[in-house]
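J.: need a 3D model of the sequence below.
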Amino acid sequence: MYRLFNRTVIRPFAQQRRCLSIHEYRSADLLRAYDVPVPRGGAADSPEEAYKIAQNLHSDGLVIKAQALTGGRGKGHFDSGLQGGVKLVSTPEEVRDLAGQMLQHNLITKQSGAAGKLVSAVYVVERKDAVHEAYLAILVDRVSQKPAIVVSSQGGMDIEGVAAKDPSAIKTFPIDLKTGVTDSLAAEIASNLGFSLEAQVNAQDSIKKLYQIFMEKDATQIEINPLSEVSGNEVLCMDAKFGFDDSALFRHSDVESWRDPTQEDADEVEAGKWGLNFIKLDGNIGCLVNGAGLAMATMDIIKLYGGEPANFLDCGGGATPESIEKAFRLILTEDKVKGIFVNIFGGIVRCDYVAQGLIAATKSLDLSIPVVVRLNGTNLSQAEKLIEESGLKLYSFKDLDPAAEKIVELTK
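T.: Got it, this is the predicted structure:
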């Protein structure tokens, strides 16, 4: 569910539930651990290591894939000048040469943004010619709040395009949490992949194991595209994308160790360490709010009065003076911020804690931009007293509308 603020698109659910994504080679290793067939190969972080992996595959059909958490790698380009993040080659020497042009360079795709994503590893695998390519994904259906398996006999391509062109090509199978993927359900799903009868038997086994991974590892998404039938009726997961629920990572230290912070915004990673939900936007008014709903409403009202929010920052219910000061520092990482709007409803979070953090941040950061504060709730009187006695130029309001109008006026 996306919510639109004129030209600003926010993904609120992503803030309530963070999802850890991992590189393709990590996904392949996880599949191997559950005996799900994948092409032979390995990951390398240097051209020489990539060369050795290619040599050990003893094949004249090889694929080298840049590892970056972005879609459209094959059609992307590097800041090194190389075109395409997925290359079909024939020799280990070609693998070594391409690895040198990929590693430690940024891959720019239609999803990565202009800066691209740093490639710190390449994945070298044997090339397998597909007899037929299908699509399979396991995800959580928000309506039923249960897992669902989504498949199409048209794989190896943009699945959104398939859905738009031929919706009947997409089949969805809800999963009963009590029974899971039974033999009969696995057979029904496999029969919709477009595989031969012999390959369908192998596909059934992979489907059941994929669901096992989904449940045991607290995954939010498993996407196999393509899931391919190759010669000998073998079924292989050619490319895999996994997502995991961050809130369950305490149960999965192995999954947590696969996180690649180079693929994430450094400020958003830092915010997570302090229990803050932070996303940068394009405006000039920094926002510090508690609660995702109030944060969305705050950005709405800023837009209403003609302003532009510079960020989405939810400090949550466990805010402390220290985390409030950290929030200010994160907001000010953007030079375009010309003012800060603090809108706190003190239910769980205490207004006096917020005031202490505001005062500390204002003093330590030597703020020269205006700060408008609207506080309401727990320990409000203590907070107002702290702000009044601080001697700092903080614009304090009790009502939201005049506060929003003021910060827009001050940042014009």
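J.: going by C-alpha atoms from here, please, whenever you check contacts or count neighbours.
T.: Noted.
J.: if I look at the closest residue to residue 256 other than its chain neighbours, what pLDDT would I see?
T.: For residue 256, ignoring the flanking residues on the chain, the nearest one in space by Cα to Cα, 6 or more residues apart in numbering is residue 249 at 6.0 Å. Listed pLDDT for residue 249 reads 87.
J.: residue 249 contacts residue 255, doesn't it?
T.: Yes: using Cα atoms under 8 Å, residue 249 is in contact with residue 255, at 7.0 Å.
J.: element containing residue 374?
T.: strand 371-377 (DSSP states H and E).
J.: and that strand, what does it pack against?
T.: strand 339-346, helix 351-364, strand 394-397, helix 400-410 (3 or more Cα pairs under 8 Å, 6 or more residues apart in numbering; DSSP states H and E).
J.: wait, a strand at residue 383?
T.: No: secondary structure assignment (DSSP: H, G, I helix; E, B strand; the rest coil) places residue 383 in helix, not in a strand.
J.: for burial, what's the neighbour tally of the spatially closest residue to it that is not a sequence neighbour?
T.: Nearest non-adjacent residue to residue 383, counting by Cα to Cα, 6+ apart: residue 352, 4.1 Å away. Applying other Cα atoms under 10 Å, we find 24 residues neighbouring residue 352.
J.: one more: residue 291?
T.: By other Cα under 10 Å, the residues close to residue 291 number 17.
J.: and it, how close does it get to residue 299?
T.: Look at residue 291 and residue 299: by Cα to Cα, to the nearest Å, they are 12 Å apart.
J.: how about the longest helix along the chain: buried residues?
T.: Using DSSP state H, we find that the single longest helix of the chain is helix 197-216. Buried residues in helix 197-216, counted by 16 or more other Cα atoms under 10 Å: 199-211, 213-214.
J.: same question, stretch 304-316
T.: 304, 305, 307, 308, 309, 310, 311, 312, 313, 314, 315, 316.
J.: these two touch, right, residue 321 and residue 351?
T.: No: Residue 321 is beyond contact range of residue 351, at 10.0 Å (criterion: Cα under 8 Å).
J.: which one of these two has more residues nearby?
T.: residue 351 (26 against 19).
J.: OK, contacts around the more buried one?
T.: Neighbour list for residue 351: 344, 345, 375, 376, 377, 378, 379, 380, 382, 383 [criterion: Cα atoms under 8 Å, 6 or more residues apart in numbering].
J.: please apply the same query to residue 405.
T.: Going by Cα under 8 Å, 6+ apart, residue 405 touches 302, 305.
J.: for the longest helix of the chain, name the packing helices and strands.
T.: Contact analysis of helix 197-216 by 3+ Cα pairs under 8 Å, 6+ apart lists helix 183-190, strand 219-230, strand 235-237 as its packing neighbours.
J.: one more time with 7 Å, if that's ok
T.: Helices and strands touching helix 197-216, by 3 or more Cα pairs under 7 Å, 6 or more residues apart in numbering; DSSP states H and E, are helix 183-190, strand 235-237.
J.: can you say which of the ones you listed is packed in most?
T.: strand 235-237 (a mean of 25; mean count of other Cα atoms under 10 Å).
J.: what residues does the next helix or strand after that one touch?
T.: Counting by DSSP H and E, the next helix or strand C-terminal to strand 235-237 is strand 240-245. Contact partners of strand 240-245, identified using Cα atoms under 7 Å, 6 or more residues apart in numbering, comprise 18-22, 24, 27-28, 218-225.
J.: between the residues you listed, which sits nearest residue 65?
T.: residue 24 (9.0 Å; Cα to Cα).
J.: that closest one: neighbour count?
T.: Neighbours of residue 24 under the rule other Cα under 10 Å: 22.
J.: any low-confidence regions in the stretch 251-400 of the chain?
T.: 317-319, 348 (pLDDT under 70).
J.: repeat the analysis, applying 80 as the threshold.
T.: The stretch 251-400 of the chain contains residues with pLDDT under 80 at 261-275, 316-321, 346-349.
J.: run through the residues that contact residue 219.
T.: Residue 219 sits in contact with 243, 244, 245, where contact means Cα under 7 Å, 6+ apart.
J.: nothing else from me, thank you.
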